[in-house]
Every structure is written in structure tokens, then in C-alpha cells.
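kindly generate the corresponding structure for this input.
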Amino acid sequence: MADIALMATGITKYFHDPVTTPVLKNIAIDVAKGEFVSIVGKSGCGKSTLLYVLSTMDRDYEGNLEINGVKATGRSLNDLAQLRNESIGFVFQFHYLLPDFNCLKNVMIPALRLGKLSYKEVESKAYEKLKMFGVEDQALKRADKLSGGQQQRVAIARALINDPAIIMGDEPTGNLDSKNTGIVFDLFQKLTQEFHQTIITVTHDEDFARRSDRIIEMADGEIKSHGRNK
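Below is the predicted model of the structure:
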């Protein structure tokens with residue numbers, strides 16, 4: 001169990017409007033530390049819903065979820081917020097950077113909220129994350145002055161500022177061209193191979209999925225296959 005970053009068992013979820021409909025059906029999944037997993041499937045199959053459950057942002061489900069051996073199911077909102085801030089970095093399809101802040105400040109926000117480091121320490125660490133993603137020269141620019149690819153790299157740097165054990169992405173390359181998609185993939189791969197962080201992404205990009213360590217295919221709210229890539 002020491003090598004398991006995330007374990008979910010019996011995950012079942014219903015939508016209740018306008019009628020009660022099962023959207024996740026008895027999902028069981030475990031992801032090893034340092035593994036790069038892509039969740040694929042047609043639109044509406046439940047993959048993004050599953051990711052939001054796994055990230056603890058959605059608490060309305062049946063079953064059990066553990067993050068790094070810590071039970072997440074049944075915890076309070078405050079406890080889950082703390083768990084997410086410490087253990088999970090989330091990358092959305094849209095970057096959600098604050099446009100009136102510069103890139104450095106955007107990256108710093110989660111670490112300042114966590115409150116474990118001084119302002120200067122957070123500032124230095126945020127700059128190092130920007131440097132890792134090749135956008136350190138944009139640090140003092142307002143976020144809305146960057147290209148789409150640069151904004152997404154800044155968003156990923158923000159997701160990593162607290163050195164989370166798990167990075168989750170909901171279509172993290174969905175708004176990027178092929179060049180920037182390749183850059184983001186290479187960065188994710190580096191995080192798993194060199195820093196042993198765990199990546200779980202939902203994607204429609206077949207090439208992106210094929211290059212990850214494992215593909216989990218979903219259909220109709222169920223896992224249909226687990227395929228480990230060569």
C-alpha cells in the first residue's frame with residue numbers, strides 16, 4: 001500500500017435532475033505513485049465526473065476514496081480543502097489565472113494560502129516553478145498578456161507550487177495547439193519520471209493518452225478497460 005497514491009472503491013454517483021440517473025457505477029481504481037494515467041471515453045461517459053470525485057471537489061457519492069493512505073470520504077469541507085491544498089494540484093482546460101495579477105503572484109496564491117512558508121520563500125519557489133516550465137521571463141507580466149500556451153504553463157506551475165503528490169487535469173491540453181500540447185505532455189512526463197509525482201488526466205487526445213503510462217477507458221459510467229502502454 002505504500003506505493004499507492006490514490007485508491008477508490010465502489011464509487012457510485014447519481015444525478016437527480018430531472019430524474020435520478022446513475023452517472024458512476026461501482027468504480028474501482030488505484031493509481032501508483034509516480035504513474036501517469038489517462039482517462040478516456042466519449043463525452044458524457046462520466047470521466048470528468050469521476051475526476052472531480054477523485055479530486056475531493058465532489059463529495060456527493062457512495063464508496064470510499066483514499067489519498068496517500070488517508071481516507072478522504074466523509075471528511076468535512078475544511079478538512080478536504082486542506083487535503084487538496086497539500087496533496088492535489090488541479091489543472092483545468094481553461095487556465096483560470098487572475099488577469100489583474102502578474103504570473104508570479106498567480107503561482108504564489110496556493111502556497112500563501114497554505115501558510116507553511118514565508119512570503120519570500122513562496123516567491124522564490126514560485127519563480128523556480130515558472131523556470132521549470134520555461135516562462136520565468138513572463139513572471140512580472142499580467143496573466144492576460146500571455147499566449148494561451150504560456151497561460152496554461154503558468155497554471156500548471158501554480159498547481160505544483162505546494163509540491164502535491166498528485167496532479168489531476170481535466171482536459172489540460174484541450175485548448176492548446178499540437179506544439180503546446182507536446183510541451184505540456186513532456187513536462188508531465190518529467191514530473192512522473194524525475195520527481196515521482198502522480199498524474200491523472202481526463203483527455204480526448206488519443207496521442208496524449210497513448211504516450212502516458214496507462215489508459216483507463218470509460219463508457220456509460222463504468223470502467224471498461226485498463227491498458228498499460230509500452
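
any weak-confidence spans in the chain?
By pLDDT under 70, the weakly predicted segments of the chain are 1-2, 230.

so where do the strands sit in it?
Secondary structure of the chain (DSSP state E): strands at 4-15, 21-32, 36-40, 62-67, 70-71, 88-91, 166-170, 198-202, 214-219, 222-228.

which helix runs longest in this protein?
If you go by DSSP state H, the chain has its longest helix at helix 178-195.

just give me the residue closest to the centre of the chain.
Centroid-nearest residue in the chain: Met168, 1.4 Å away (criterion: C-alpha atoms, centre = their mean).

and that one, what is it in contact with?
Going by C-beta atoms under 8 Å, 6 or more residues apart in numbering, Met168 touches Leu51, Leu54, Ser55, Ile88, Gly89, Phe90, Val91, Ile199, Ile200, Thr201. Every residue, glycine included, has its C-beta placed from N, CA and C.

go on, Ile39?
With contact set as C-beta under 8 Å, 6+ apart, Ile39 has these partners: Lys47, Leu50, Leu51, Ile200, Thr201, Val202, Thr203, Ile215, Ile216, Met218.

could I get those as a markdown table with neighbour count and distance to Lys71?
Below are the contacts of Ile39 laid out as a markdown table (neighbours: other C-beta atoms under 10 Å; distance: C-beta to C-beta, whole Å):
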| residue | neighbour count | distance to Lys71 |
| --- | --- | --- |
| Lys47 | 26 | 24 |
| Leu50 | 27 | 18 |
| Leu51 | 20 | 19 |
| Ile200 | 26 | 18 |
| Thr201 | 26 | 24 |
| Val202 | 25 | 24 |
| Thr203 | 24 | 28 |
| Ile215 | 18 | 27 |
| Ile216 | 23 | 22 |
| Met218 | 22 | 24 |
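
return the member of these nearest to Met132.
Ranked by distance to Met132 (C-beta to C-beta), these are led by Thr201 at 18.4 Å.

returning to that earlier point: quick check, nearest of the contacts of Met168 to Pro99?
Distances from Pro99 to the contacts of Met168, taken by C-beta to C-beta, are shortest for Val91, at 18.0 Å.

Ala143 and Glu123: what is the separation?
16 Å (C-beta to C-beta, to the nearest Å).

the more surrounded of the two?
The neighbour comparison of Ala143 against Glu123 (other C-beta atoms under 10 Å) goes to Ala143, with 24 against 18.

that one: what's it in contact with?
Listed by C-beta under 8 Å, 6+ apart, the contact set of Ala143 reads His95, Leu97, Leu98, Pro99, Phe101, Asn102, Cys103, Asn106, Gln151, Val154.

chain center to the longest helix of the chain: distance?
Here helix 178-195 is found 13 Å from its chain centre; the criterion is C-alpha atoms, centre = their mean, to the nearest Å.

with stretch 22-37 instead?
Centroid separation for stretch 22-37 versus its chain: 13 Å, with C-alpha atoms, centre = their mean.

quick check: the closest residue to Lys105 other than its chain neighbours vs Pro172, distance?
Distances taken as C-beta to C-beta, 6 or more residues apart in numbering put Leu98 closest to Lys105, at 7.6 Å, once the chain neighbours are dropped. Distance of Leu98 to Pro172, computed by C-beta to C-beta: 19 Å.

before we move on, the earlier item: what's the closest of the strands of the chain to Ser147?
strand 88-91 (16.9 Å).

what's that closest one packed up against?
Strand 88-91 sits against helix 148-160, strand 166-170, with contacts defined as 3 or more C-beta pairs under 8 Å, 6 or more residues apart in numbering; DSSP states H and E.

save those as CSV, and put in distance to Val31 too.
Output for the helices and strands packed on strand 88-91, formatted as CSV (distance: least, C-beta to C-beta, whole Å):
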stretch, distance to Val31
helix 148-160, 17
strand 166-170, 8
